[in-house]
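Q: Here is a sequence together with a model predicted from it:
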Amino acid sequence: MTTTSDAPAAPLLAATGVTMRFGGLTAVRAVDLTVHPHQIVGLIGPNGAGKTTFFNCLTGLYTPTEGTVTYRGTRLPPKPHLVTTAGIARTFQNIRLFANMTVLENVLVGRHTRTKEGLLAALLRGPRFHRAEKTSEERAMELLEFTGLANKRHHLARNLPYGEQRKLEIARALASEPGLLLLDEPTAGMNPHETRTTEQLVLAIREKGTAVLVIEHDMRFIFNLCDHVAVLVQGQKLVEGTPDTVQSDERVIAAYLGTPLENPPGDDTDPTGDAT
Ligand SMILES: Nc1ncnc2c1ncn2[C@@H]1O[C@H](COP(=O)(O)OP(=O)(O)OP(=O)(O)O)[C@@H](O)[C@H]1O
């Protein structure tokens, strides 16, 4: 990692000129985006706009073809576990829990980047290991209380209702004690009540000092929660600003009304979510 700046006023996350090409397809083109401490930033756009690809560039799953990503002024290495160690955690559009592990175990797995006890300590199972294990378990339980899953701690992840699986993903991501949490469609498949409780959860995460960058198709969720919203269309940032600015931008309205290019064949979902 190369330190470029330590200035306190620097943004938490700064993506500059991020481009991602897959052969002849440019999925993300020269995108700049910053997230400041305590901000909730929304990333919206029609299906196939490049939102998840952009997330993958931020979190080291992809190495951008061009551009740089810095976190707290430091260039991020293109390796997901090093990005997590640096302080960025994420959830996925398609839930990726350990289905046959308990709820508590899933959160404990998320803590490993913050656990200093090495393999030898674990094998010897000495006092230091037991202390660390106890601390991890206490911290995991706090997160389960925070996300409303404490009473399900011994359930297998695969037996949780869908909405709770999504919350468990968030609890597991928080276990790495991130400064920035990236959420990829956190309310997908949720009923309206679950969506509202997820909104409350995201606000509470910000209250605790973690900034949030969220991809979401539910426009009410985005415009209720976000301080700043960026719109991607066909890989490019079309517009960004406050929710009011973005909502009233005619280009955004046009993009969301959908053209054949922006609604891939076979996709008959309403890209405006439940905004109406
Ligand atoms: N690994 C890959 N190889 C080739 N093309 C890819 C790859 N990943 C994504 N794409 C393409 O990049 C474009 C952007 O996809 P991406 O999934 O990032 O969009 P999105 O905005 O997240 O869409 P959605 O809202 O439907 O999840 C699409 O045309 C997609 O087919």
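A: Thanks, I have it. Source: prediction; values computed, not measured.

Q: how about the residues of this structure near the ligand?
A: Contact residues of the chain with respect to the ligand, defined by CB under 6 Å from any ligand atom, are listed as F22, L25, A27, G45, N47, G48, A49, G50, K51, T52, T53, Q93. (Glycine included, C-beta is placed from N, CA and C.)

Q: Now, of these, which are buried?
A: Burial by neighbour count, 16 or more other CB atoms under 10 Å: within the residues of the chain next to the ligand this picks out A27, G45, G48, A49, G50, K51, T52, T53.

Q: wait, what's in contact with the second one?
A: Spelled out, it's G45. K51, V231, L232, V233, L238, A255 (CB atoms under 8 Å, 6 or more residues apart in numbering).

Q: need the longest helix for this protein.
A: Ranked by residue count and defined by DSSP state H, the top helix of the chain is helix 127-146.

Q: which residue is nearest the centroid of this protein?
A: Centre of the chain computed as the mean C-alpha position; nearest residue by CA atoms, centre = their mean is L182, 1.6 Å away.

Q: Could you find the closest non-adjacent residue to that one?
A: The shortest distance from L182 to any residue that is not its chain neighbour, by CB to CB, 6 or more residues apart in numbering, is 3.9 Å, and that residue is R90.

Q: before we move on, the earlier item: hmm, who's touching the helix or strand that the longest helix of the chain is followed by?
A: Sequence-wise, the next helix or strand downstream of helix 127-146 (DSSP states H and E) is helix 162-174. Under the criterion CB under 8 Å, 6+ apart, residues 89-92, 95-97, 103, 106-107, 109-110, 143-144, 146-149, 152, 157, 160, 181, 183, 186-191, 194, 198, 201, 205, 210 lie in contact with helix 162-174.

Q: Narrow those residues to those in strands?
A: Secondary structure defined by DSSP state E assigns A89, R90, L181, L183 of the contacts of helix 162-174 to strands.

Q: Please check these and keep the buried ones.
A: Buried subset of the ones in strands among the contacts of helix 162-174 (neighbour count, 16+ other CB under 10 Å): A89, R90, L181, L183.

Q: wait, the last one sits on D218?
A: No: proximity of L183 to D218 does not meet the contact threshold set by CB atoms under 8 Å, at 11.8 Å.

Q: Return the helix or strand in the protein with minimum mean pLDDT.
A: Across the helices and strands of the chain, the lowest-confidence element by mean pLDDT, DSSP states H and E is helix 119-124, at a mean of 58.

Q: out of the ones in strands among the contacts of helix 162-174, which one sits closest to H38?
A: Taking CB to CB as the measure, H38 sits nearest to L181 out of these, at 12.2 Å.

Q: On the pLDDT front, check that closest one for me.
A: Per-residue pLDDT puts L181 at 98.

Q: go on, the one 10 residues further on?
A: Per-residue pLDDT puts N191 at 90.

Q: Could you do G17 as well?
A: Per-residue pLDDT puts G17 at 97.

Q: again with the one 10 residues further on
A: Taken from the predicted model, the pLDDT recorded for A27 is 97.

Q: Touching, A150 and A140? I think so.
A: No: because the distance of 9.9 Å does not satisfy CB under 8 Å, A150 is recorded as not touching A140.

Q: Among the two, which residue is more densely surrounded?
A: When A150 is set against A140 and neighbours are counted by other CB atoms under 10 Å, the residue ahead is A140, at 25 against 16.

Q: give the contact list for the residue lying closest to the more buried one once chain neighbours are set aside.
A: The shortest distance from A140 to any non-neighbouring residue, by CB to CB, 6+ apart, is to V107 (4.1 Å). For V107, the residues meeting the contact criterion (CB under 8 Å, 6+ apart) are A140, L143, L144, L168, A171, R172, A175.

Q: circling back: for the longest helix of the chain, give the mean pLDDT please.
A: Mean per-residue pLDDT for helix 127-146: 84.
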